[in-house]
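Enquirer: here is the input, now give the coordinates:
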Amino acid sequence: MNVPTREADALLDFAEIGAGMLAEVGGKAANLGELTRAGLPVPPGFCLTTSAYRQATEPAGLTPIFDALEATTATDVPALTALAERARAVVASAPIPTAIARAVVAAYNQLGTDVPVAVRSSATAEDLPFASFAGQQDTYLNIVGDDDVLDAVRRCWASLW
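Expert: Residues are numbered from 1 along each chain as shown. You can find the predicted model right below:
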């Protein structure tokens with residue numbers, strides 16, 4: 001799926017992803033890429049990279065939350081919970097940059113007309129050889145339609161928090 005974005009590395013087809021790309025796509029997508037490249041029967045799909053996440057969240061105003069997180073002790077669970085809730089709300093309400101939204105819609109439409117899809121995380125700290133945090137972020141199943149896919153992407157990103 002060659003879909004142009006502001007940065008070429010914001011969206012990758014599974015066939016473009018390899019095991020050495022954990023920092024860009026996370027463990028789940030890296031594994032799906034390897035399976036696809038090996039010719040195994042993986043449903044077609046694509047991955048938004050960490051670059052896409054940064055493009056969407058940097059202008060959203062997370063810096064004050066990051067600063068507060070650094071100033072909060074690990075034992076102050078109520079403060080950490082409140083900061084995470086603020087971060088989740090900020091990311092959930094942040095608009096997806098136009099170039100990325102267009103790329104997602106184009107890639108989704110290449111899968112077919114009104115195809116139900118799963119929108120899942122592939123965090124860089126999950127499905128690792130030495131640790132597994134799979135299932136910690138939200139998954140959205142049977143998502144149909146351009147707007148619903150984009151909404152699920154935003155909610156999936158927000159679920160990091």
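
Enquirer: contacts and neighbour counts: CA atoms only from here.
Expert: Fine.

Enquirer: check which helix or strand covers D67.
Expert: Secondary structure here is read from DSSP states H and E; on that basis D67 sits in helix 63-71.

Enquirer: now that helix: buried residues?
Expert: Of the residues in helix 63-71, those with enough neighbours to count as buried (16 or more other C-alpha atoms under 10 Å) are I65.

Enquirer: outside of it, which residues touch it?
Expert: Among residues not part of helix 63-71, those counted as contacts by C-alpha atoms under 8 Å, 6 or more residues apart in numbering are L80, L83, R86, A87.

Enquirer: quick one: the helices in the protein?
Expert: 22-37, 50-57, 63-71, 77-93, 98-110, 146-158 (DSSP state H).

Enquirer: which of these sits most buried?
Expert: Using mean count of other C-alpha atoms under 10 Å, the stretch among these with the greatest mean number of neighbours is helix 22-37 (a mean of 22).

Enquirer: tilt between it and helix 50-57?
Expert: 130 degrees (axes from the mean of the first three to the mean of the last three C-alpha atoms, to 10 degrees).

Enquirer: got the CA positions of helix 22-37 in PDB?
Expert: Once non-C-alpha atoms are left out, helix 22-37 reads as follows in PDB (Å, rounded to 0.1, in the frame of the first residue of the first chain):
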ATOM      1  CA  LEU A  22      10.400  -2.800  16.800                       C
ATOM      2  CA  ALA A  23      11.100   0.800  17.600                       C
ATOM      3  CA  GLU A  24       9.000   2.000  14.600                       C
ATOM      4  CA  VAL A  25       6.100  -0.500  14.700                       C
ATOM      5  CA  GLY A  26       6.200  -2.500  17.900                       C
ATOM      6  CA  GLY A  27       6.300  -6.200  18.400                       C
ATOM      7  CA  LYS A  28       2.900  -7.300  17.100                       C
ATOM      8  CA  ALA A  29       3.400  -5.500  13.800                       C
ATOM      9  CA  ALA A  30       7.000  -6.600  13.400                       C
ATOM     10  CA  ASN A  31       5.800 -10.200  13.800                       C
ATOM     11  CA  LEU A  32       2.900  -9.700  11.400                       C
ATOM     12  CA  GLY A  33       5.400  -8.300   8.900                       C
ATOM     13  CA  GLU A  34       7.700 -11.200   9.300                       C
ATOM     14  CA  LEU A  35       4.900 -13.700   8.800                       C
ATOM     15  CA  THR A  36       3.600 -11.800   5.700                       C
ATOM     16  CA  ARG A  37       7.100 -11.700   4.200                       C
END
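
Enquirer: having no further points to raise, I will conclude here.
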